[in-house]
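Engineer: sharing a sequence plus its predicted fold:
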Amino acid sequence: MNNNCLKFLLLPWIKNLPSKKFLNLTIDSRTLTEGDVFIAIPGKKQDGRHFISEAINKKVAAILYETDEIEIHGTFKYINNILLIYFFQLSNNLSILASRFYQEPGKKLKIVGITGTNGKTTVTQLINQWTKILGDNTATMGTLGNGFYNSLCKTQNTTSGPIFIQSFLNEVLEKQIQVVTMEVSSHGLIQNRVKAVPFYIGIFTNLTQDHLDYHGNMRKYEEAKWLLFSTHKVKKIILNADDEYGKKWLKKLFNCYTIAITIQDSTQKQYSTKWINATDIKFYNNYIHIKFESSWGKGTLLSCLIGRFNVINLLLSFACLLELNYNLSDLIGTSSHIIPIDGRMQIFTTPNKPIFIIDYAHTPDALNQTLKEIKLHYQKYIWCIFGCGGERDRRKRSMMGSIAEKIADKVIITNDNPRNEKEINIINDILKGCKKKKKILIIKNRKDAISYAFFQSKYDHIIFIAGKGHEEQQIIGNKIIKFSDKKIVLHLLEKKI
Ligand SMILES: CC(=O)N[C@H]1[C@@H](OP(=O)(O)OP(=O)(O)OC[C@H]2O[C@@H](n3ccc(=O)[nH]c3=O)[C@H](O)[C@@H]2O)O[C@H](CO)[C@@H](O)[C@@H]1O[C@H](C)C(=O)N[C@@H](C)C(=O)N[C@H](CCC(=O)O)C(=O)O
Ligand SMILES: Nc1ncnc2c1ncn2[C@@H]1O[C@H](COP(=O)(O)OP(=O)(O)OP(=O)(O)O)[C@@H](O)[C@H]1O
């Protein structure tokens with residue numbers, strides 16, 4: 001069911017419009033079909049308003065046209081018999097508009113929004129997987145795609161555009177699924193992609209340096225993330241209270257319903273409504289043993305995920321499921337069935353060959369934490385293969401160089417989506433953080449870098465490949481080349497794909 005009469009759809013903003021039926025709200029002139037309403041808004045690279053003649057040729061029902069002049073808001077005219085309506089701050093209101101079009105599907109769902117620099121995908125997928133193990137279906141939106149367990153459609157963005165989000169929520173409702181987990185990026189928050197999403201639970205993983213190309217500085221990046229909790233009426237907020245920002249926000253949220261998750265600083269629980277604290281974590285070769293105390297009771301979780309940060313991810317997901325009314329003992333009984341998330345600390349082995357670990361670490365904090373955890377877990381010789389993305393935050397490059405050199409035994413700097421930047425410039429930025437350079441090799445071609453490490457390493461070495469995780473492409477210039485770390489590794493280990 002759609003609210004497909006333009007007059008009624010726009011009533012909160014504009015009165016006295018002619019009654020006009022339409023098919024869909026469409027933001028891109030390339031995907032317009034006859035009878036749609038074309039949303040013409042400016043963007044970062046292009047301006048949708050330059051495409052109205054294409055929309056007119058495609059016989060749209062109407063054009064909603066963003067204007068900066070409040071005085072002409074709500075006025076309209078006809079071009080070739082097609083209605084063009086001026087709308088002040090249209091982009092900012094698009095989420096609300098789309099939600100009204102689909103008759104506010106979010107209000108009938110339980111939506112969990114996950115934000116933070118690292119761990120969004122992991123937590124989102126853990127919740128999705130865990131509910132599946134317990135016999136339920138949840139929908140999910142994020143970096144790995146939008147959809148349902150084991151059936152995700154790849155998308156360009158971590159947080160999709162506002163119209164797509166609402167149409168997806170509508171589809172979820174039609175499938176009679178009740179819970180949706182959604183990764184909420186800082187870009188998504190700033191650009192109001194989720195403005196009309198009524199989050200039932202908000203989860204915060206952590207905040208460390210990333211995306212400064214977009215936000216400019218850490219203060220602005222923090223402000224963007226904080227938008228999820230300050231401007232959305234999130235009913236329950238689950239925070240990693242070991243994180244510096246998590247601690248700060250927990251105190252700021254003192255009159256909200258909060259759940260503090262800690263594996264270090266259990267004193268934080270005094271500031272929250274409910275809490276979970278890991279009291280003892282033991283790392284074994286193939287699994288982690290997590291003893292916890294909580295507002296729900298005590299227990300032990302077993303998990304085959306690697307790394308201390310994954311304990312936090314697991315506990316954030318655990319808290320979310322408890323708040324969704326899953327039973328404590330059912331969750332304890334099933335935690336060991338959870339498998340690693342695609343491209344996140346994924347291990348690939350065959351006897352008498354080095355162990356490969358593929359991970360998506362592409363921030364200084366993620367690289368630091370993953371390398372430290374691998375060192376602790378295996379206590380073996382570590383190769384680290386990584387690069388940094390072109391046309392993205394340059395300031396993190398030297399930091400990542402310094403971290404890799406400090407922790408790994410051998411480092412190969414390679415390509416990771418150089419885009420339109422010169423590969424050597426990115427590598428030189430990374431090298432600025434390396435002091436002695438004795439351990440460092442440069443092999444631009446990523447496949448050659450992985451093969452080199454494999455053939456030069458010993459059977460008891462670890463080869464850690466960071467930064468591309470689940471990705472299946474390498475972006476060089478404007479070309480998108482098929483590329484998968486996983487396929488190369490499986491080929492080297494002579495395993496079938
Ligand atoms: C810089 C940025 O964030 N851009 C996002 C923004 O696009 P935009 O509005 O600026 O698009 P544009 O290309 O300038 O086009 C402007 C308008 O003209 C229209 N147009 C354009 C061409 C045409 O032929 N016809 C036409 O109608 C477009 O549909 C659009 O409405 O809005 C789009 C819809 O929501 C996003 O897909 C797009 O993400 C781009 C692809 C992107 O790379 N974004 C990154 C930075 C991002 O958002 N990343 C975060 C994840 C970060 C993380 O790792 O955590 C994310 O959530 O994905
Ligand atoms: N809680 C965490 N703290 C720090 N690092 C983490 C945490 N969880 C995951 N990581 C690291 O960050 C990488 C990315 O994890 P994940 O994909 O879950 O994060 P994300 O927030 O979705 O990232 P992106 O927004 O870039 O898609 C992992 O591969 C791992 O190296």
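Structural biologist: Sure thing, it's come through. Numbering: from 1, shown residues only. Ligands and ions are numbered 1, 2, ... in the order given.
Engineer: so residue 465 makes contact with residue 486?
Structural biologist: No. Contact status for residue 465 versus residue 486: not in contact, 9.1 Å apart, counting by Cβ atoms under 8 Å. Quick note: C-beta positions are derived from backbone N, CA and C, even for glycine.
Engineer: look at those two and report which has more neighbours.
Structural biologist: Between residue 465 and residue 486, residue 465 has the larger neighbour count (other Cβ atoms under 10 Å), namely 28 against 20.
Engineer: just confirm that one is within a helix.
Structural biologist: No. Membership of residue 465 in a helix is not supported by DSSP: H, G, I helix; E, B strand; the rest coil, which gives strand.
Engineer: what's the pLDDT at it?
Structural biologist: Looking at residue 465, its pLDDT is 98.
Engineer: quick one: residues contacting it.
Structural biologist: By Cβ atoms under 8 Å, 6 or more residues apart in numbering, the residues touching residue 465 are 356-359, 385-386, 450, 485, 489.
Engineer: try 6 Å this time
Structural biologist: Applying Cβ atoms under 6 Å, 6 or more residues apart in numbering to residue 465 gives the contacts 358, 385, 485.
Engineer: can you flag the buried ones in those?
Structural biologist: Buried subset of the contacts of residue 465 (neighbour count, 16 or more other Cβ atoms under 10 Å): 358, 385, 485.
Engineer: so the first one makes contact with residue 346?
Structural biologist: In this case it means residue 358. Yes. Using Cβ atoms under 6 Å, residue 358 is in contact with residue 346, at 4.8 Å.
Engineer: got a pLDDT number for residue 2?
Structural biologist: Note on residue 2: pLDDT of 66.
Engineer: a helix runs through residue 39, doesn't it?
Structural biologist: No. Per three-state DSSP, residue 39 lies outside any helix segment and is strand.
Engineer: skipping its backbone neighbours, what lies nearest it in space?
Structural biologist: Nearest residue to residue 39, sequence neighbours excluded (Cβ to Cβ, 6 or more residues apart in numbering): residue 27, at 4.6 Å.
Engineer: strands of the stretch 151-300 of the chain, start to end?
Structural biologist: 151-153, 179-183, 199-204, 236-240, 257-262, 274-283, 288-294, 299-303 (DSSP state E, counting those that start in this stretch).
Engineer: who does residue 78 bridge with?
Structural biologist: Judged by DSSP bridges, the bridge partners of residue 78 are residue 83.
Engineer: what residues go with each domain of the protein?
Structural biologist: The record assigns the chain these domain ranges, following the TED database: 6-88, 104-337, 346-494.
Engineer: take the buried ones among the contacts of residue 465 and write them to JSON lines, including pLDDT and distance to residue 191.
Structural biologist: What follows is these, written out as JSON lines (pLDDT from 0 to 100; distance: Cβ to Cβ, whole Å):
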{"residue": "358", "pLDDT": "97", "distance to residue 191": "31"}
{"residue": "385", "pLDDT": "98", "distance to residue 191": "33"}
{"residue": "485", "pLDDT": "98", "distance to residue 191": "30"}
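Engineer: columns distance to residue 98 and secondary structure on top of the residues you listed, output as JSON lines?
Structural biologist: Converted to JSON lines, these look like this (distance: Cβ to Cβ, whole Å; DSSP: H, G, I helix; E, B strand; the rest coil):
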{"residue": "358", "distance to residue 98": "36", "secondary structure": "strand"}
{"residue": "385", "distance to residue 98": "42", "secondary structure": "strand"}
{"residue": "485", "distance to residue 98": "36", "secondary structure": "helix"}
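Engineer: what's the closest of these to residue 84?
Structural biologist: Nearest to residue 84 among these is residue 485, at 48.6 Å by Cβ to Cβ.
Engineer: right, and that closest one touches residue 466 too?
Structural biologist: No. Taking contacts as Cβ under 6 Å, residue 485 lies outside contact range of residue 466: 9.3 Å.
Engineer: near ligand 2, which residues of the stretch 1-150 of the chain are found?
Structural biologist: The stretch 1-150 of the chain comes close to ligand 2 at residues 116, 118-122, 143, as judged by Cβ under 6 Å from any ligand atom.
Engineer: related to what we said a few turns ago, what is in contact with residue 465 and residue 486 at once?
Structural biologist: Joint contacts of residue 465 and residue 486 (Cβ under 6 Å, 6+ apart) are residue 358.
Engineer: which pLDDT value goes with residue 87?
Structural biologist: So, for residue 87, pLDDT stands at 98.
Engineer: list the contacts of it.
Structural biologist: residue 64.
Engineer: quick one: name the residues of the stretch 251-400 of the chain near ligand 2.
Structural biologist: Close to ligand 2, as judged by Cβ under 6 Å from any ligand atom, the stretch 251-400 of the chain has residues 309, 312-313, 344, 359-361, 365-366, 369-370.
Engineer: of those, closest to ligand 1?
Structural biologist: residue 360 (9.8 Å; Cβ to the nearest ligand atom).
Engineer: what's the separation between the closest one and residue 121?
Structural biologist: Computed as Cβ to Cβ, to the nearest Å, the residue 360 to residue 121 distance reads 7 Å.
Engineer: what of residue 432?
Structural biologist: For residue 432, the distance to residue 121 - Cβ to Cβ - is 29 Å.
Engineer: one step back: what residues do residue 485 and residue 466 have in common as contacts?
Structural biologist: With Cβ under 6 Å, 6+ apart as the test, residue 485 and residue 466 reach no residue in common.
Engineer: just name the shakiest helix or strand of this protein by mean pLDDT.
Structural biologist: helix 212-215 (a mean of 87; mean pLDDT, DSSP states H and E).
Engineer: convert that helix to CSV, retaining C-alpha atoms only.
Structural biologist: C-alpha atoms of helix 212-215 as CSV (Å, rounded to 0.1, in the frame of the first residue of the first chain):
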residue,chain,number,x,y,z
LEU,A,212,38.5,12.6,8.1
ASP,A,213,38.5,13.3,4.3
TYR,A,214,34.7,13.8,4.7
HIS,A,215,34.3,15.1,8.3
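Engineer: nothing else from me, thank you.
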